[in-house]
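Visitor: For reference, the sequence and a predicted model appear below.
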Amino acid sequence: MSVSSLAPQNSLEVASIVRDAAARRQAIEIIGGGSKRALGRPTDAAITVDVSGLSGVTLYEPAELVVSARAGTPLQHVTDLLAQQGQMLPFEPADYRPLLASTGEPTIGGMVATNLSGPRRLHVGACRDAIIGCKFVNGRGEEIVSGGRVMKNVTGYDIGRAMAGAYGTLGVLTEITFKVLPRAHATLTLVYEGLSCDRAVALMSAAVASPFEVTAAAHIAEGNHARTCLRLEGFDASITYRAGRLIEDLAEYGQPQRLDTAPSQVLWREIGEARSIIGPADHVVWRLQLPPSRSAALVNSLRAMMDVSVLYDWAGGLVWLSHAAGDDMTAVRTAAKAGGGHATLIRAGEALRRRVAPFEPQATAVEKLARGLKQAFDPAGILNPGRMYAGI
Amino acid sequence: MTQIAMPQPDPLILAKRERIIAGLQERVPAQWVITEEDERRPYETDALTAYRRLPLAVVLPGSTEEVAAILSFLSRERVKIIPRGAGTSLSGGALPQEDAVVVGVGRLNKVLDVDFANRTARVQSGITNLAVTTHISPDGFFYAPDPSSQLACTIAGNIAMNSGGAHCLKYGVTTNNILGVRMVLLDGTIVDFGGETFDQPGYDWLSLIIGSEGQFGIVTEATLRILRAAEGARPCLLGFDKVEDAGACVAAIIASGIIPVAIEYMDQTAIRICEDFAHAGYPLDVAAMLIVEVEGADAEIDVLLTHIEKVAREHGARIVKVSKSEAESAAIWKGRKSAFGATGRIADYLCMDGTIPTGQLPYVLNRIGEIVAHHRLRVANVFHAGDGNLHPLILFNANDDDELERAEQAGNEILELCVEVGGCLTGEHGVGIEKRDLMEKQFTSVDLDQQIRVKLLFDPDWLLNPAKVFPLNLHPLPLGRAA
Ligand SMILES: Cc1cc2nc3c(=O)[nH]c(=O)nc-3n(C[C@H](O)[C@H](O)[C@H](O)COP(=O)(O)OP(=O)(O)OC[C@H]3O[C@@H](n4cnc5c(N)ncnc54)[C@H](O)[C@@H]3O)c2cc1C
Ligand SMILES: Cc1cc2nc3c(=O)[nH]c(=O)nc-3n(C[C@H](O)[C@H](O)[C@H](O)COP(=O)(O)OP(=O)(O)OC[C@H]3O[C@@H](n4cnc5c(N)ncnc54)[C@H](O)[C@@H]3O)c2cc1C
């Protein structure tokens, strides 16, 4: 089957493309910047729709903490614009191109469709938490509006927020509005060296449970250079005070190094991008979410079975893990599930992704509802079919 | 005479009342099935007291399994179901119908598990919002969304309405603070959505369920994100001669890079009502007042409040009163927190809940004044200014039908104004019946159909809280549009 490529320039054109495809029951693959096509299950689509033509910031009110952008807008463009006013997307979106060895320009729509958030997710919530409104085209080719441009809004169901993490299987996003936050005046990172995973997780847990507003907590568990990093943000007097109190309260974990604003920014960018576990290209990469206190034990149990590189973020709630592709591909998911969490296969060759479900399989009752939800948005089943799960 | 229509009761259901009651009594101990008229009375309304409907029966299950048995029975019998927490909804969300059974979760009120290491608490949904924080506060933790009704309202109601509170500028609303829910579907299936991890695989069911106003199922348990409280918090009080200046000051504080935990606004009428009641020491001669609260250690708070004071002076604040002690802080908050109660003592009121872009504050406040004056009524404005969530209280006399009708009319005009300036009909109280018939002002019929299709996934026969959220003429979804 030959694949036709379409590049709509506005939401009306998106709607008409989807309507036509629905009438012919032809599957559509939605492409933002294409930087993450390697993520999720491969799709077999007759049509690719490149939404990068839907570009531009449509509203930015710094004093109201809101920004709206068309879905194809380069993420970089939005972050630059916000930075000019001393603001940011709260959830700290990271660039996964190094990890995925992909090219292309990451877009706002792709970021929302994957709901993947960086280190500050620990403190201020995920991408989905920052969404206050969105416009999308459903599988019928209808333009739908949900939410709006104000921060508090419970008018009707929150279907716009549910677009986050749906991988484009419920609708083609055309415009999204976010809550933004002021950038911190200064950043200070406390770096503890040489802790075991168990001790590191205990340290991060104690730090996050303190009143001193730790905005990120990660443990880079590489070799004998293990580093446990706590980030403080705010104005100088405040972070100095909070750092002093933390160091005192956490004295049993040793004396940390201090990194000030500029090196902190580099460090946290690298943590967000999971640089420390990228490894050789033929290694597979998993992203696990767990109740934080169980993550170290889980990693220890996997280490007994295979060679793994590990990075803990979100105080242990997120574990990045890579291992050789030949190793047992069921071990990680089984362990994650036993620990009360779930695992996503982030990087693996296409053949492997066809064989091993990239996303955590769902409970039967939830899976049944998921099929129903897909039906409610995309009755012909044409939007990114099979991208997340077979059949939706 | 009130304006909002409710459907006529179904005679077939009324005719089999005895059988329905018997069926309920087979599934929960008879003492928890309330049938006598005088005992059903307390359930006939919520906090939108102008509307009352006596339910066919009330049932108070004691476990998730009992809820499941009740729902599968009632749905088989095609009986409508009204989920209920504490009945503090201001939008008529918990208003019964004569042919419906109220399922109250008030007996499901336990804390099941608190995990401080992972900062989560698992609770039964009928627990009150305040009881959660009371339970964990000895350890220095709290549950962030704090509706003013937190003493009475339940986590179940908060989830159904996606409720907010004074501190949500910094901590978000309910949907930002829930990790998982256990919900019983109409056919009795018990489903866990989410869990103990930050994000969930698959679709974001929590986004859909939180704010679904009791139309998807009955939530019996929830896993909440709990947070460690800051070392301290202190407010300052700012008084302005011009409403415009107060509005500009809110914008300037936020634009300067500070996110206070709360920014509350009160106009002169509200200040007077609250001061009369609470003797909080509020300035009576200002046009508008802000209460701005910040958190942290003492030294941090001093720096923040000094900065806020400077911004406020630059924006025309005539009175700046920075709290210097616990007692002063309590006094500043006492007036604000008693706003609804104090207003209730001098008049009946309708509490509106639209949200607007904060840049429109001065314009909207002026227009609200005009609208209410046009209907020959009075208004007191008290609201969360940081996020533009307005609560105009329209004062009226409930014994005068004409006044009630004028108050409702003024309320509708205010909400339409909110939509007109780029805002929305409801910021935190929900649509319920109150804003149901205005939904088409904010959404197209295509938007509403998409929402309804999600509802139909959970409730194809419109049995769960059916007369709420969507204009009655939109359901059932006309077949022509169903596809
Ligand atoms: C594994 C991985 C993890 C990442 N994690 C993060 C992260 O945590 N935070 C972050 O900000 N960035 C993350 N990125 C970086 C990513 O480059 C950005 O999210 C970027 O914005 C993605 O945009 P894209 O346009 O390249 O997406 P694409 O690769 O084009 O698409 C990604 C997915 O989104 C769908 N999609 C794209 N546009 C739309 C649309 N308009 N409507 C509906 N569906 C659409 C696609 O169909 C596809 O399923 C990640 C990338 C990868 C590959
Ligand atoms: C004085 C006062 C102040 C208020 N202040 C605020 C405020 O600051 N912020 C705010 O957001 N709200 C506020 N409210 C509104 C109200 O308190 C909230 O909407 C609250 O969440 C309702 O909780 P409840 O337990 O009383 O629920 P109810 O009123 O009993 O029900 C509310 C809705 O939830 C549904 N529901 C109840 N239980 C369940 C369940 N188990 N499963 C599914 N659905 C269910 C009901 O069907 C109904 O639609 C205030 C109300 C009053 C009276």
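Guide: Great, that's in hand. Predicted, not measured: the structure shown is a model, and the values here were computed from it. Ligands and ions are numbered 1, 2, ... in the order given.
Visitor: use CA for all of it now, contacts and neighbours both
Guide: OK.
Visitor: Need phi/psi at the nearest residue to B:G106 once chain neighbours are set aside.
Guide: Closest residue in space to B:G106, ignoring its immediate chain neighbours: B:G126 at 4.6 Å, by Cα to Cα, 6 or more residues apart in numbering or on different chains. Phi and psi for B:G126, reported as degrees, to the nearest 10, are phi -80, psi 0.
Visitor: And for A:P358?
Guide: According to degrees, to the nearest 10, A:P358 has phi -60, psi -40.
Visitor: who in the stretch 351-483 of chain B is up against chain A?
Guide: Within the stretch 351-483 of chain B, the residues that sit near chain A (Cα under 8 Å from any Cα of the partner chain) are B:355-359, B:387-389, B:422-431, B:439, B:443, B:446-447, B:450-451, B:453-454, B:457, B:469, B:483.
Visitor: Just the ones in helices from those residues, please.
Guide: Among those, the members found in helices (DSSP state H) are B:M439, B:V446, B:D447, B:Q450, B:Q451, B:R453, B:V454, B:L457.
Visitor: related to what we said a few turns ago, my read: the residue nearest to B:G106 touches B:N109, true?
Guide: Yes - using Cα atoms under 8 Å, B:G126 is in contact with B:N109, at 4.6 Å.
Visitor: between the two, which one's more packed in?
Guide: The neighbour comparison of B:G126 against B:N109 (other Cα atoms under 10 Å in any protein chain shown) goes to B:G126, with 26 against 20.
Visitor: From A:R231, how far off is that one?
Guide: 37 Å (Cα to Cα, to the nearest Å).
Visitor: And the residue of the stretch 101-250 of chain A that's closest to ligand 2?
Guide: For the stretch 101-250 of chain A and ligand 2, the shortest gap (Cα to the nearest ligand atom) falls at A:V154, measuring 9.3 Å.
Visitor: and that residue, what does it touch?
Guide: Shown in contact with A:V154 (Cα atoms under 8 Å, 6 or more residues apart in numbering or on different chains): A:G147, B:M161, B:N162, B:G211, B:T426, B:G427, B:E428, B:H429, B:G430, B:V431.
Visitor: distance of the last one from ligand 1?
Guide: Applying Cα to the nearest ligand atom, to the nearest Å, one obtains 28 Å for the distance of B:V431 from ligand 1.
Visitor: Share the number of residues neighbouring that residue, please.
Guide: B:V431: 31 neighbours (other Cα under 10 Å).
Visitor: now swap in the fourth one and tell me
Guide: Residues contacting B:G211 under the criterion other Cα under 10 Å number 28.
Visitor: Next, count neighbours for the closest residue in space to A:L54 that isn't next to it in sequence.
Guide: Spatial nearest neighbour of A:L54, chain neighbours left out: A:G72 (4.8 Å); criterion: Cα to Cα, 6+ apart. When neighbours are defined as other Cα under 10 Å, A:G72 has 27 of them.
Visitor: interface residues of the stretch 151-300 of chain A facing ligand 1?
Guide: Proximity of the stretch 151-300 of chain A to ligand 1, by Cα under 6 Å from any ligand atom, involves residues A:Y167, A:G168, A:G171, A:V172, A:L173, A:T174.
Visitor: Contacts only, for the first one.
Guide: Right, A:Y167. A:G110, A:A113, A:T114, A:N384, A:R387, A:M388 are the contacts of A:Y167 under Cα under 8 Å, 6+ apart.
Visitor: Which one of those residues sits in the busiest neighbourhood?
Guide: Neighbour count (other Cα under 10 Å) singles out A:G110 as the most crowded of these, with 31 neighbours.
Visitor: Let's verify that residue: helix, strand, or coil?
Guide: helix (DSSP: H, G, I helix; E, B strand; the rest coil).
Visitor: show me what contacts it?
Guide: Applying Cα under 8 Å, 6+ apart to A:G110 gives the contacts A:I31, A:G32, A:G33, A:K36, A:A71, A:Y167.
Visitor: Distance of the residue nearest to B:G106 relative to chain A?
Guide: 21 Å (Cα to the nearest Cα, to the nearest Å).
Visitor: check contacts around that residue.
Guide: Neighbours of B:G126 in contact, by Cα under 8 Å, 6+ apart: B:G85, B:A86, B:V105, B:G106, B:R107, B:L108, B:N109, B:K110, B:T154, B:I155, B:A156, B:T220.
Visitor: right, and out of those, which lies closest to ligand 1?
Guide: B:I155 (30.5 Å).
Visitor: Phi, psi for the closest one please.
Guide: Phi and psi for B:I155, reported as degrees, to the nearest 10, are phi -60, psi -40.
Visitor: That one and B:S125 touch, don't they?
Guide: Yes - the pair B:I155 / B:S125 is scored as a contact, 5.2 Å apart, by Cα under 8 Å.
Visitor: In ChimeraX, how would I select just the buried ones from the ones in helices among the residues of the stretch 351-483 of chain B next to chain A?
Guide: Buried members of those, identified by 16 or more other Cα atoms under 10 Å in any protein chain shown, are gathered into one ChimeraX selection as follows:
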select /B:439,447,450,451,453,454,457
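Visitor: thinking again about what came up before, of the contacts of A:G110 - the most surrounded one?
Guide: Those, ranked by neighbours (other Cα under 10 Å): first place A:A71, 32 neighbours.
Visitor: distance of that one from ligand 1?
Guide: Taken as Cα to the nearest ligand atom, the span from A:A71 to ligand 1 is 5 Å.
Visitor: contacting residues for that residue?
Guide: A:32, A:51-52, A:54-55, A:107-110, A:173-176.
Visitor: What about the residues you listed, which are in strands?
Guide: A:L173, A:T174, A:E175, A:I176 (DSSP state E).
Visitor: mind checking the SS state of A:L302?
Guide: The three-state label given to A:L302 by three-state DSSP is helix.
Visitor: how's the chain carved up into domains?
Guide: Going with chain A. What automatic domain parsing lists as the domains of chain A is A:1-183+A:361-392, A:186-272, A:275-355.
Visitor: sorry, should have said chain B
Guide: According to automatic domain parsing, the domains of chain B span B:1-229, B:233-340, B:347-420, B:437-474.
Visitor: so which of those domains gets nearest A:H283?
Guide: domain B:1-229 (22.7 Å; Cα to Cα).
Visitor: Check whether the closest one comes near ligand 1.
Guide: No - looking at domain B:1-229 against ligand 1 by Cα under 6 Å from any ligand atom, there are no contacts, and the closest approach is 11.8 Å.
Visitor: Just the mean pLDDT for that domain, thanks.
Guide: Computed over domain B:1-229, the mean pLDDT rounds to 96.
Visitor: Within range of ligand 2, give me the residues from the stretch 151-300 of chain B.
Guide: B:153-154, B:156-158, B:160-161, B:163-165, B:213-214, B:217-220.
Visitor: Top of these by number of neighbours, please.
Guide: If you rank those by neighbour count (other Cα under 10 Å), B:A156 sits at the top with 32 neighbours.
Visitor: what's the single longest helix in chain B?
Guide: Longest helix in chain B, counting by DSSP H: helix B:401-420.
Visitor: So what's the gap between it and the chain middle?
Guide: 19 Å (Cα atoms, centre = their mean, to the nearest Å).
Visitor: How about it, which residues are buried there?
Guide: B:403-408, B:410-419.
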